[in-house]
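# Just a sequence and a predicted model for now, questions to come.
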Amino acid sequence: MASSEWPGRAFYSPFAIRYSPLSRSQRTGVSERTGPEEPALNQTDRVAVLLAKHGLELARHLRRLVRDDDVAQDLLQDTMLRAHRALTRLGPGANERAWLYRIATNVALNHLRDRTRERGALERHGRELDVARDSDGTDRDEAARRRTTLWRRIGALPERQRVAITLRVADELEYDDIAARMGCTVEAARANVYQATRRLKQEVP
Amino acid sequence: MRESAKTERRAEERIVRDAFAALTGRTGDAVRYTMMTDTPVGTIGLAEGSSGLMRISYSRDEDEFLRRVLRQFGDRPFLRDPLDNVRRALDRYFSGKRLTFDLRFDLSSLPAFEQRVLEATAKIPPGRVAAYAQVAAQAGNPRASRAAGNALNHNPVAIVVPCHRVVRTDGSLGGYGGGLSRKEWLLQHEGATLA
């Protein structure tokens, strides 16, 4: 019992130890050692460092872009693998964080673009089924044809315009949501939707 | 419908933990870490697990700190986290407002003798010092002062376990993993008696 405690007063009596400060020569001679120099990291540990430092904020960024946890997880892993492959190209002093954000945004935009393409195909397929089922309604036939043409032409728009207009029209999102998903400003989102609309109107005879 | 910040954070952590498992094989309990720059003793890295503080160490920068701790805890994912409670305690310490700590720390990765030495060291009050031989005695082996010195050198949680309060019997400072000038600064800051 007693041995598990410091011998209180007796220990801190006038006989207790006092420490002597360093002499000037000692102090200047002291190396500011912060531990032994570590050998270089292996590849897996380098990915671990990137994930530790930036994983959480990239996960947030990706979740906001794609609105789906499983997809975000998949895209984060993809981002990390791409980053790791390109790591040697990142010079010392470069902004690692901004660089990772850029990779993540591209990975997410690619995903959204692929999904948009898929949705366009489904959309066309659906219209064709509708048309077949309701063959005597010529008005409806005509409307379906026009919609199909519209989706095909949306599919032919430049990437960012296509994503923006799809999010606006198909997902019925507000501009700030579009901006968040595309990783751009609200103004840029609005501009992309505007350009897409203008182009679609122009081409309609 | 907006998610609460907490739900959001939980989902983000799950995504990162899954990425750690898939890409690095680290599937253990997450270690949370943060860096404190501009303290009077330089930059320090802090790491905490679910059973308490695991690491406080003087480091040049975040990368160096991570290299060291990633190696040491090879099966655990790491997450950057504000660790506000630890930070606040250290801020109070450095500002001199409160020199003692109520933080839990985790020494379970160390051998039993080293754990006893560090637990004995944790009981030395601020403003006081003890000799290597005395902490060795407290840890159950009065003649093991060199081993006690080694244990203190392996102290994973500098400052919070005040290994800087252990000096030589003749009053000279002895050694310090973070460099003797840090040891001296800490002792002076705590108002330890000079010989």
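Sure thing, it's come through. Computed from a prediction, not measured in an experiment: that's the story for all the values here.
# all contacts plus neighbour counts: C-alpha atoms, from now on.
Noted.
# For A:Asn192, give me its contacts.
For A:Asn192, the contacting residues are A:160-161, A:164-165, by Cα atoms under 8 Å, 6 or more residues apart in numbering or on different chains.
# where does it land in three-state SS?
helix (DSSP: H, G, I helix; E, B strand; the rest coil).
# low-scoring pLDDT stretches of chain B, where are they?
Chain B contains residues with pLDDT under 70 at B:1-2, B:194-195.
# Show me it divided up by domain.
Structural domains assigned to chain B are B:5-95, B:112-189, following automatic domain parsing.
# among those, which is nearest A:Glu57?
domain B:5-95 (8.0 Å; Cα to Cα).
# Now do the buried residues in stretch B:186-195.
B:186-187, B:189-190, B:192-193 (16 or more other Cα atoms under 10 Å in any protein chain shown).
# Nearest to chain B: which residue in chain A?
In chain A, the residue that lies nearest chain B is A:Tyr19 (4.2 Å; Cα to the nearest Cα).
# if we can go back for a sec, and the domains of chain B, which is most packed in?
The highest average neighbour count among these, using mean count of other Cα atoms under 10 Å in any protein chain shown, belongs to domain B:112-189 at a mean of 21.
# in chain A, which segments are predicted with low confidence?
Ranges of chain A meeting pLDDT under 70: A:1-18, A:24-39, A:118, A:120-141, A:143-144, A:147, A:171, A:203-205.
# tell me the helices in it, going along the chain?
A:8-11, A:24-29, A:43-66, A:69-86, A:96-133, A:138-155, A:159-169, A:175-182, A:186-203 (DSSP state H).
# Quick one: closest of those helices to B:Gln115.
Closest approach to B:Gln115 among those (Cα to Cα): helix A:8-11, 20.9 Å.
# Any chance of the domains of chain B in TSV with distance to chain A as columns?
TSV is the format used below for those (distance: least, Cα to the nearest Cα, whole Å):
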stretch	distance to chain A
domain B:5-95	5
domain B:112-189	4
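# Could you export those domains as TSV, including distance to A:Asn106?
Putting the domains of chain B into TSV (distance: least, Cα to Cα, whole Å) gives the following:
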stretch	distance to A:Asn106
domain B:5-95	18
domain B:112-189	41
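# Nearest to B:Arg104, out of those domains?
Closest among those, using Cα to Cα: domain B:5-95, at 4.8 Å.
# Just the terminal-to-terminal distance for that closest one.
In domain B:5-95, first residue to last residue: 32 Å (Cα to Cα, to the nearest Å).
# Same check on stretch A:91-102?
By Cα to Cα, the extent of stretch A:91-102 from end to end equals 16 Å.
# Quick check: buried residues in it?
Buried residues in stretch A:91-102 (16+ other Cα under 10 Å): A:96, A:100-101.
# can the helices of chain A go into TSV with extra columns for distance to B:Ala21?
Formatted as TSV, the helices of chain A follow (distance: least, Cα to Cα, whole Å):
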stretch	distance to B:Ala21
helix A:8-11	49
helix A:24-29	45
helix A:43-66	10
helix A:69-86	10
helix A:96-133	19
helix A:138-155	37
helix A:159-169	32
helix A:175-182	27
helix A:186-203	36
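# Ok, which of those helices comes nearest B:Glu8?
Proximity to B:Glu8 (Cα to Cα) singles out helix A:43-66 among the helices of chain A, at 7.8 Å.
# what's that closest one packed up against?
Helices and strands touching helix A:43-66, by 3 or more Cα pairs under 8 Å, 6 or more residues apart in numbering or on different chains; DSSP states H and E, are helix A:69-86, helix A:96-133, helix A:175-182, helix B:5-24, helix B:62-72, strand B:78-80.
# related to what we said a few turns ago, which ones are touching the residue of chain A closest to chain B?
Contacts for A:Tyr19 (Cα under 8 Å, 6+ apart) come out as B:129, B:167-168, B:171-173, B:192-195.
# possible to save the residues you listed as JSON lines with secondary structure?
Output for the contacts of A:Tyr19, formatted as JSON lines (three-state DSSP):
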{"residue": "B:Val129", "secondary structure": "coil"}
{"residue": "B:Val167", "secondary structure": "strand"}
{"residue": "B:Arg168", "secondary structure": "coil"}
{"residue": "B:Gly171", "secondary structure": "coil"}
{"residue": "B:Ser172", "secondary structure": "coil"}
{"residue": "B:Leu173", "secondary structure": "coil"}
{"residue": "B:Ala192", "secondary structure": "coil"}
{"residue": "B:Thr193", "secondary structure": "coil"}
{"residue": "B:Leu194", "secondary structure": "strand"}
{"residue": "B:Ala195", "secondary structure": "coil"}
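# Specify the local secondary structure of B:Ser57.
strand.
# what bridges to it?
Going by DSSP bridges, B:Ser57 is paired in beta bridges with B:Gly45.
# Which residues are in contact with it?
Counted by Cα under 8 Å, 6+ apart, B:Ser57 has contacts A:34, B:44-46, B:65, B:156-158.
# Which residue ranges of chain B form strands?
Ranges of strands in chain B, per DSSP state E, are B:31-39, B:42-49, B:52-58, B:78-80, B:130-131, B:166-167.
# which outside residues touch the first one?
In this case it means strand B:31-39. In contact with strand B:31-39 (Cα under 8 Å, 6+ apart) are residues B:43-50, B:61-62, B:76-83, B:87, B:94.
# Relative to the whole chain's centre, how far out is it?
Relative to its chain's centre, strand B:31-39 lies at 11 Å (Cα atoms, centre = their mean, to the nearest Å).
# Ok, the fourth one next?
In this view, strand B:78-80 has its centroid 16 Å away from the chain centroid, taken as Cα atoms, centre = their mean.
# check contacts around residue 173.
Chain wasn't specified; assuming chain A. A:Leu173 neighbours (Cα under 8 Å, 6+ apart): A:Leu167.
# meant chain B actually
Contact analysis of B:Leu173 by Cα under 8 Å, 6+ apart lists A:19-22, B:166-167, B:180, B:183-184.
# rerun at 7 Å
When contacts are counted by Cα atoms under 7 Å, 6 or more residues apart in numbering or on different chains, B:Leu173 touches A:19-20, B:167.
# Torsion angles phi and psi at it?
Note on B:Leu173: its backbone torsions stand at phi -70, psi -30 [degrees, to the nearest 10].
# Identify the nearest residue to A:Ala164 in space, disregarding sequence-adjacent positions?
Spatial nearest neighbour of A:Ala164, chain neighbours left out: A:Val193 (5.5 Å); criterion: Cα to Cα, 6 or more residues apart in numbering or on different chains.
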